[in-house]
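*Asks:* Fold the following and give me the result.
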Amino acid sequence: MRVEVFDDWRSLGHLLLGAAATSLPLIVPLFLGYELIEFCYKRKRRREKIGEFIGDLIEFLVGAGIAGLAFSL
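*Replies:* Numbering: from 1, shown residues only. Coordinates of the predicted model:
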């Protein structure tokens, strides 16, 4: 399994959504729901799908972590 993080322009969107989730917690279940739906309906090999899903979650969590650290200072 190969996990690619920050590999396309959508990655910036995941990062920004993660940062926005620190102030709007409703974004977290919406993002996770969207990612699960995308994971279930994407027509690729299973290993590629899992790697992309994990990469998207990492991008989101990095954005949330950076924003959380910035707001705590």
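*Asks:* quick one: the helices in the chain?
*Replies:* With DSSP state H as the criterion, the chain has helices at 10-21, 27-41, 46-72.
*Asks:* And those: which comes nearest residue 3?
*Replies:* Closest approach to residue 3 among the helices of the chain (C-beta to C-beta): helix 46-72, 4.7 Å. Placement of C-beta: from N, CA and C, glycine included.
*Asks:* could you say what helices and strands that closest one packs with?
*Replies:* helix 10-21, helix 27-41 (3 or more C-beta pairs under 8 Å, 6 or more residues apart in numbering; DSSP states H and E).
*Asks:* Chain neighbours aside, what residue packs nearest to residue 54?
*Replies:* Among residues not flanking residue 54 along the chain, residue 3 sits closest, at 5.0 Å (C-beta to C-beta, 6 or more residues apart in numbering).
*Asks:* And the one you found, how close does it get to residue 23?
*Replies:* Distance, residue 3 to residue 23, by C-beta to C-beta, to the nearest Å: 28 Å.
*Asks:* These two: which is more packed in?
*Replies:* residue 3 (14 against 9; other C-beta atoms under 10 Å).
*Asks:* so who does the more buried one touch?
*Replies:* 51, 54-55, 58 (C-beta atoms under 8 Å, 6 or more residues apart in numbering).
*Asks:* and which of those residues is nearest residue 9?
*Replies:* Closest approach between the contacts of residue 3 and residue 9, by C-beta to C-beta: residue 55, at 13.7 Å.
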